[in-house]
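In: Okay, sequence plus prediction incoming.
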Amino acid sequence: MAQLAVLPATNPTNLGNALRLLRRRRGLSQAALAETLGVQRSYLSQLENGDFSEQVKRIFDLLNALGADLSVTDRRP
């Protein structure tokens, strides 16, 4: 059985890095994933660089205040 990769997301930059890593592990370009999702490639680039909306940034503020974080788990081998 493949080991799960858990990627901590303690801030928007960490989350963006985790998303980039998962996309690359799947062998997808930003353009290919953007087409699948029906969004612009530049939007994915912004997300991968941690440029999230203020609302998402506030969620990280809330998690940090509570001493918690998000984890992105790669369940695929």
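Out: Yep, it's here.

In: Give me the residue at the spatial middle of the protein.
Out: What sits nearest the mean C-alpha location of the chain, by CA atoms, centre = their mean, is Leu19, with 3.1 Å.

In: Just the pLDDT for that one.
Out: Note on Leu19: pLDDT of 92.

In: residues contacting it?
Out: Counting by CB atoms under 8 Å, 6 or more residues apart in numbering, Leu19 makes contact with Leu47, Glu48, Val72. Just so you know, the C-beta spots here come from the backbone N, C-alpha and C atoms, and that holds for glycine as well.

In: Counting neighbours, which of the residues you listed comes out on top?
Out: Glu48 (20 neighbours; other CB atoms under 10 Å).

In: ok, which stretches of the protein are strands?
Out: For the chain, the strands defined by DSSP state E occupy 5-9, 70-74.

In: Give me the residues contacting the element among helices and strands of the chain having the smallest mean pLDDT.
Out: Ranking every helix and strand in the chain by mean pLDDT, DSSP states H and E puts strand 5-9 at the bottom, with a mean of 81. With CB under 8 Å, 6+ apart as the test, strand 5-9 has contacts from Asn14, Leu15, Asn17, Ala18, Leu21, Leu22, Asp69, Leu70, Ser71, Val72, Thr73, Asp74.

In: Swap in 6 Å and give it another go.
Out: Leu15, Ala18, Asp69, Leu70, Ser71, Val72, Thr73, Asp74 (CB atoms under 6 Å, 6 or more residues apart in numbering).

In: Can you flag the buried ones in those?
Out: Among the contacts of strand 5-9, those classed as buried by 16 or more other CB atoms under 10 Å are Leu15, Ala18, Val72, Asp74.

In: if we take those, which one ends up nearest to Asn64?
Out: Among these, Leu15 lies closest to Asn64 (CB to CB), at 13.0 Å.

In: circling back to that earlier point, could you export the strands of the chain to a markdown table, including columns for distance to Glu35?
Out: Output for the strands of the chain, formatted as a markdown table (distance: least, CB to CB, whole Å):
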| stretch | distance to Glu35 |
| --- | --- |
| strand 5-9 | 24 |
| strand 70-74 | 22 |
